[in-house]
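> I'll drop the sequence and a predicted model, then ask my questions.
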Amino acid sequence: MKKILHPEATRGSMNAGWLQARYSFSFANYFDPNRLQFGKLRVLNDDIIAPAMGFGKHPHRNMEIITIPQQGALKHRDSMGNEGVVGAGDIQVMSAGSGVEHSEINANPNEALKLFQIWVLPETENVEPRYDQNKIAPLLKPNQLSAVVKPKSEASNGDLWVHQQCWFNLGEFSEQKETTYKLHDPSHGIYLFIIDGTVIVDNETLNRRDAIGIWDTESITFKVGKNSKLLLIEVPMN
């Protein structure tokens, strides 16, 4: 088993006034040649967006974009005709494919918006752009990891999916628990990001906003602390 640690304090950062961002991988003004991506996981941004501010209309191509608001609400509008609000407790998936333009604005004039924006490189380029969103709570099982985004080939009716062999798993643990995650493919890796709480994995103690990448293994067992929230992303490494 191989691993790479990404402590919270080592993340990149930017403060643009209206945007305060922390970057797990090289992005915008933050560049680290040793942190370009983890397998097909290219971006994991931890953003705080000021009231009524946000990202104006801009283009994307050939990227699977997943947004998970943590506090507040996001107003989405895109060139496919989709328009709506994605709030805390929701998850948004957009396949940019052959090209799409969109804007993402804090829907609240008085409250900051906190969210994770995650990009995954697709297995197939120039697909037809698409958009979807879903509620997270019905997908979660108590004190265990639950898949909230799957590959297209594994998705059933109502599942959120992407054009890549990757799985997004969320877990909310009210009790201390040991849990094992089995990879769908031994050539994949997992990127475990601690939203809140504590996890012990391979003799490493991870706290809030710490992360670890693990590969060259078929499964991984970790101990989750009480009142912890986790994001585990399984992605191809090549």
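Okay, I see it.
> if I look at Ala211, how far off is Ser79?
33 Å (CB to CB, to the nearest Å). All C-beta atoms are positioned from the backbone trio N, CA, C, and that covers glycine.
> pLDDT below threshold where in the chain?
Counting by pLDDT under 70, not a single residue of the chain qualifies.
> so Pro138, which of the three states?
helix (DSSP: H, G, I helix; E, B strand; the rest coil).
> what residue is smack in the middle of the protein?
Ile118 (4.2 Å; CA atoms, centre = their mean).
> wait, is that residue part of a strand?
Yes. Under three-state DSSP, Ile118 sits within a strand.
> can you start the count at 703 instead of 1 from here on
OK, 703 is where the count begins now, so the last one is Ile820.
> give me the beta-bridge partners of it?
For Ile820, the beta-bridge partners under DSSP bridges are Leu746, Ile768.
> give the buried residues for stretch 806-815.
The neighbour-count check on stretch 806-815 (16 or more other CB atoms under 10 Å) flags 806-810, 814-815 as buried.
> now for those: which two are most distant?
Glu806 and Ala814 (14.3 Å; CB to CB).
> in its sheet, what does the helix or strand harbouring Gln794 sit against?
Taking DSSP states H and E as the definition, Gln794 sits inside strand 792-797. Strand pairing for strand 792-797, using DSSP bridges, gives strand 766-773 (antiparallel), strand 832-837 (antiparallel).
> point out the most buried one among these.
When you average the neighbours per residue for each of the strands paired with strand 792-797 (mean count of other CB atoms under 10 Å), strand 766-773 leads with a mean of 20.
> contacting residues around that strand?
Strand 766-773 is contacted from outside by 776, 788-798, 806, 813-824, 838, 851, 864-866, 870, 897, 933, using CB atoms under 8 Å, 6 or more residues apart in numbering.
> again, 6 Å this time
788-790, 793-797, 816-822, 824, 864-866 (CB atoms under 6 Å, 6 or more residues apart in numbering).
> just the buried subset of these, written out for ChimeraX, thanks.
Selection of buried members from those for ChimeraX, criterion 16+ other CB under 10 Å:
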select :788,793,794,795,796,797,816,817,818,819,820,821,822,824,864,865,866
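> show me what counts as buried in stretch 868-879.
In stretch 868-879, counting by 16+ other CB under 10 Å, buried: 868-875, 879.
> tell me which of Ala913 and Ser781 has more neighbours.
Ala913 (21 against 13; other CB atoms under 10 Å).
> of the strands paired with strand 792-797, which is nearest Trp720?
Nearest to Trp720, of those and by CB to CB, is strand 766-773 at 15.9 Å.
> distance from the chain centre to that closest one, please.
6 Å (CA atoms, centre = their mean, to the nearest Å).
> got it, and stretch 852-859?
The answer for stretch 852-859 is 17 Å, by CA atoms, centre = their mean.
> kindly export that stretch (C-alpha atoms) in PDB.
Listed next in PDB are the C-alpha coordinates belonging to stretch 852-859 (Å, rounded to 0.1, in the frame of the first residue of the first chain):
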ATOM      1  CA  LYS A 852     -21.200   6.700  -9.300                       C
ATOM      2  CA  PRO A 853     -19.900   5.900 -12.800                       C
ATOM      3  CA  LYS A 854     -22.500   6.000 -15.500                       C
ATOM      4  CA  SER A 855     -22.200   2.300 -16.000                       C
ATOM      5  CA  GLU A 856     -23.100   1.600 -12.300                       C
ATOM      6  CA  ALA A 857     -25.900   4.100 -11.900                       C
ATOM      7  CA  SER A 858     -29.600   3.200 -11.500                       C
ATOM      8  CA  ASN A 859     -32.600   5.400 -11.900                       C
END
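> end-to-end on stretch 773-793?
Stretch 773-793 has its terminal residues 12 Å apart, counting by CA to CA, to the nearest Å.
> give the buried residues for that stretch.
774-778, 780, 784, 788, 792-793.
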